[in-house]
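Visitor: Build me a model:
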Amino acid sequence: MTVELFEVLNQHAAMLIASLTIAITVNICFVTSQWRKASQADSALVLEAAILSKAGPITESERALLAKSIAPPGLLEQFAAVPEQGKFILLGIVGVSAFASMVVLIGAINHKGIIVGHVAELKHVDKRVTASHSTVRMGTDEPSEADGLKPRPTSAIAAAQPSVQPMELDLWKPTSMVTPVQPADQLSELDVLAPGAAAEFLLERIRPSNGDWERWEQPRDTAGVAALAAELGGWSLGLEQAAAYMVARRMTPADYLKRWKDQQLAVQEWHRHRDTEYPYSLAVTLQTTLDHFGPREIELVNVLAWFAPEPVPTNVLTASSLSELRLSAGVNAEAENGVACWTDDEVRDALTKLAEFSIIGQDPQAGSITLHRVVQKILRDRQAEPQRWLTAALGLLDQARPAGDADDARTWPVWEPLRPHVAFATAEADRLEIAVPTSCLMGDLATLLGAKGLHKEAKRLQRRALAIDELHYGPESTEVATRLNALARTLRATNQLAEAELLIRRALAIWDQSSAADHPDVADALNNLAHLLQATNRLAEAEPLARRALAIDEQFYGAEHPKVARDLNTLALLLHGTNRLAEAETLMRRALAIDEQFYGAEHPTVAIRLNDLALLLLDTNCMAEAGPLMRRALSIDEQAFDANHPRIALRLYNLSMLLRATGRRAEAEPLMRRSLAIRKQAFGTDHPEAGAALNNVALLLQATGFTRSQ
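Guide: Numbers count the residues shown, from 1 in each chain. Prediction:
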């Protein structure tokens with residue numbers, strides 16, 4: 001043994017000397033630094049406090065003294081500062097450490113094969129936790145954006161930097177019991193269980209509650225469960241799906257493991273270890289389950305893979321919508337597997353089977369289903385024709401859109417659950433260069449966001465939709481003109497008036513060239529431009545545009561349509577601005593009557609009419625009628641919008657001005673302050689509306705005895 005030891009030492013003398021040197025240096029540094037810290041901490045702190053707390057600037061000499069007191073001296077200086085008794089102790093520690101380092105090095109030399117093997121194993125399991133720890137979080141960082149929406153994937157439609165969407169693995173609750181699924185914002189972690197905990201998890205899930213399994217044999221299946229849990233890597237999502245499969249098929253763990261291994265070859269055909277963000281075992285587990293499904297279940301999951309990992313309303317998956325897609329979007333399984341169009345019972349049965357195998361979660365009370373985000377990612381990766389299935393998903397969302405404009409508050413209860421899915425699917429469609437119906441869905445989503453005061457998000461989507469349509473239809477198409485006008489409306493709301501005017505005039509030129517000068521879309525653009533010209537004090541130029549828009553809409557819709565009411569109100573505002581108050585009041589009352597009849601008395605559009613009429617009455621000194629109209633408008637908007645919506649700020653501001661005009665300054669001040677806070681949050685301090693509100697707050701306070709600086 002002694003001879004062998006000396007041979008090893010002789011062969012690796014240089015390495016041993018280096019290790020001993022490192023060990024001695026490390027120990028001297030550590031022990032002496034700790035010794036010094038204990039002896040000099042108090043004096044350093046006193047010196048630092050004295051210098052930093054003195055009056056006046058710190059001089060160069062004081063700065064050097066402070067740095068010296070804080071910075072550690074060199075290694076030899078530290079060792080020399082240790083007392084004699086401490087040096088003996090230190091040398092003893094160094095000797096023991098050096099001997100231990102030598103033993104470790106010899107062991108590493110003689111067993112380097114084992115160490116290399118362990119490194120390879122660690123690379124193989126990658127992010128799997130050890131038995132002493134029960135959970136681990138996986139995920140990749142994603143760059144955030146100031147406006148809150150996720151970055152859009154790159155596309156040839158319009159150049160953009162590619163973005164990587166994070167894969168977040170999380171614990172999937174058993175769905176065979178049909179329990180309500182977790183909200184999507186909680187689906188951010190996936191448990192990776194230690195071997196013992198994973199086996200216990202499987203045993204608990206698959207143990208028959210009434211003991212009626214003829215094939216259940218506790219001793220044999222306990223060993224099978226352990227082998228299966230090890231093969232699945234402890235990922236709770238895979239464990240849950242495997243357990244659901246075994247329960248549904250009345251299968252033992254050993255039988256399932258054999259079937260699981262049989263699917264590995266199929267997974268290897270599409271799985272790419274370096275490109276995927278999920279464990280290989282999860283892909284094989286899902287493939288095992290999918291292999292058992294029929295064509296209906298496969299069609300459903302392939303389409304749902306392109307929805308967001310949020311609750312999907314089940315009314316999106318109707319028999320009629322699915323059947324229509326089979327004919328229109330290329331998802332025609334009849335030619336492939338002989339399946340005819342869907343029936344309501346078949347949709348329900350397919351969803352029930354997916355839930356039974358823990359592929360989806362069901363929430364009957366909410367009327368929604370949820371796919372795990374990792375399941376969706378695996379499903380998308382294994383698709384040979386992703387454009388086909390994404391187009392089908394877009395078609396379902398397009399059919400599920402509510403009738404009417406997205407800025408109509410009556411459509412919002414339907415729009416809200418669709419909103420994350422439209423955002424996700426259109427972003428993916430942009431990446432895969434699917435133009436139709438991507439731009440329309442983007443445009444409608446932007447309209448919804450703009451109506452809710454989320455102008456930055458709305459502008460980005462509108463610019464993307466415009467780029468898509470310019471490439472798909474051509475820059476002079478009427479589709480592009482519609483996108484230009486929609487973007488201009490949002491730019492006008494955010495006070496980007498110069499760009500907005502250019503876009504509107506470009507849109508009108510396109511319509512003029514296309515012989516569509518009397519189309520309602522032209523009236524919409526004329527109305528938009530009239531508002532912009534009024535905002536820039538070009539009332540004489542704006543009035544003929546407003547009258548032309550009114551004539552087009554009356555001819556197209558008839559005299560009692562809300563589009564006509566909009567045009568009447570726009571013209572009335574221009575008349576109000578030129579002091580033709582009697583004519584303006586007549587038009588405003590007519591517009592209010594039309595909208596109350598069409599929308600109902602509590603609609604936000606009615607609040608607009610009430611507000612404008614109240615302001616006109618304020619200028620005609622009809623305070624008694626103006627006040628109730630303003631309060632009614634505020635009440636309607638508070639019911640329809642978030643408390644910090646810009647419309648709430650406008651209503652508060654107008655009401656405060658009325659109170660100020662009637663001498664009730666104490667009531668006006670809190671309303672004006674709240675209005676100012678909302679506007680600053682929505683538009684920033686540089687927006688004219690925020691500046692005007694701030695100025696009026698100052699005037700109000702000055703009138704009540706405060707100085708302007710206060």
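
Visitor: Pretty sure residue 434 sits in a helix.
Guide: No - under DSSP: H, G, I helix; E, B strand; the rest coil, residue 434 falls outside any helix and is assigned coil.

Visitor: Double-check it against residue 391; I have them as touching.
Guide: Yes - in this structure, residue 434 is within contact of residue 391 by C-beta atoms under 8 Å, at 6.0 Å. C-beta coordinates here come from the backbone N, C-alpha and C atoms, glycine included.

Visitor: Could I get the full set of strands for this structure?
Guide: Remark: strands assigned in the chain by DSSP state E are 312-313, 360-363, 368-371.

Visitor: and those strands, which is most packed in?
Guide: Of all these, strand 368-371 carries the top mean neighbour count, a mean of 24, counting by mean count of other C-beta atoms under 10 Å.

Visitor: tell me what that strand is packed against?
Guide: helix 295-304, strand 312-313, strand 360-363 (3 or more C-beta pairs under 8 Å, 6 or more residues apart in numbering; DSSP states H and E).

Visitor: out of these, nearest to residue 423?
Guide: Of all the helices and strands packed on strand 368-371, strand 312-313 sits nearest to residue 423, with 13.5 Å by C-beta to C-beta.

Visitor: Now do that closest one, average pLDDT.
Guide: For strand 312-313, mean pLDDT is 97.

Visitor: Can you get me a residue count around the residue nearest to residue 654 when sequence neighbours are not counted?
Guide: Distances taken as C-beta to C-beta, 6 or more residues apart in numbering place residue 630 nearest to residue 654, at 5.7 Å, with adjacent residues excluded. Using other C-beta atoms under 10 Å, residue 630 has 25 other residues around it.

Visitor: Same question for the one 5 residues further on.
Guide: Neighbour count of residue 635, defined by other C-beta under 10 Å: 14.

Visitor: ok, now how distant is it from residue 607?
Guide: From residue 635 across to residue 607, the span is 8 Å (C-beta to C-beta, to the nearest Å).

Visitor: Residue 482 too?
Guide: Using C-beta to C-beta, residue 482 is found at 27 Å from residue 607.

Visitor: ditto for residue 344
Guide: Note on residue 344: its distance to residue 607, by C-beta to C-beta, is 40 Å.

Visitor: Ok, which of the helices and strands packed on strand 368-371 comes nearest residue 533?
Guide: Closest approach to residue 533 among the helices and strands packed on strand 368-371 (C-beta to C-beta): strand 312-313, 42.5 Å.

Visitor: What strands line up against the closest one, and which way round?
Guide: Partner strands for strand 312-313, per DSSP bridges, with pairing direction: strand 368-371 (antiparallel).

Visitor: so the residue nearest to residue 654 makes contact with residue 611?
Guide: Yes - using C-beta under 8 Å, residue 630 is in contact with residue 611, at 6.6 Å.

Visitor: any common contacting residues for these two?
Guide: Shared contacts of residue 630 and residue 611 (C-beta atoms under 8 Å, 6 or more residues apart in numbering): 651, 654.

Visitor: Surely residue 633 and residue 611 touch.
Guide: Yes - the criterion here is C-beta under 8 Å, and residue 633 meets it with residue 611 at 4.4 Å.

Visitor: Under the pLDDT cut-off, which ranges of the stretch 101-250 of the chain? List them.
Guide: Residue ranges of the stretch 101-250 of the chain with pLDDT under 70: 101-190, 209-221.

Visitor: 80 instead?
Guide: When residues are selected by pLDDT under 80, those of the stretch 101-250 of the chain lie in 101-191, 207-222.

Visitor: Nearest residue to residue 518 in space, please, no chain neighbours.
Guide: Sequence neighbours aside, residue 552 is the residue nearest to residue 518 in space, at 5.5 Å (criterion: C-beta to C-beta, 6+ apart).

Visitor: Equivalent analysis for residue 202, please.
Guide: Among residues not flanking residue 202 along the chain, residue 225 sits closest, at 4.8 Å (C-beta to C-beta, 6+ apart).

Visitor: how far away is the one you found from residue 592?
Guide: From residue 225 to residue 592 the distance is 71 Å (C-beta to C-beta).

Visitor: ok, back up a step: pLDDT score for the residue nearest to residue 654?
Guide: We have a pLDDT of 95 for residue 630.

Visitor: same check, this time on residue 251
Guide: With respect to pLDDT, residue 251 scores 88.

Visitor: For it, the count of nearby residues, please.
Guide: Neighbours around residue 251, by other C-beta under 10 Å: 18.

Visitor: same check, this time on residue 579
Guide: The tally of other residues near residue 579 (other C-beta under 10 Å) stands at 8.

Visitor: Same check on the one 3 residues further on?
Guide: Under the neighbour criterion other C-beta under 10 Å, residue 582 is assigned a count of 9.

Visitor: Likewise for residue 349?
Guide: The number of residues near residue 349, taken as other C-beta under 10 Å, comes to 14.

Visitor: ok, the closest residue to it other than its chain neighbours to residue 359 distance?
Guide: What sits nearest to residue 349 in space, not counting adjacent residues and going by C-beta to C-beta, 6+ apart, is residue 296, at 7.9 Å. Applying C-beta to C-beta, the value for residue 296 to residue 359 is 13 Å.

Visitor: From the neighbour counts alone, determine which of those two ranks first.
Guide: More crowded of residue 296 and residue 359, by other C-beta under 10 Å: residue 359, with 26 against 20.

Visitor: Next up, the contacts around the nearest residue to residue 519 once chain neighbours are set aside.
Guide: Closest residue to residue 519 apart from its sequence neighbours, by C-beta to C-beta, 6+ apart: residue 511 at 6.5 Å. The contact partners of residue 511, by C-beta under 8 Å, 6+ apart, come to 478, 481, 517, 519, 521, 522, 525.
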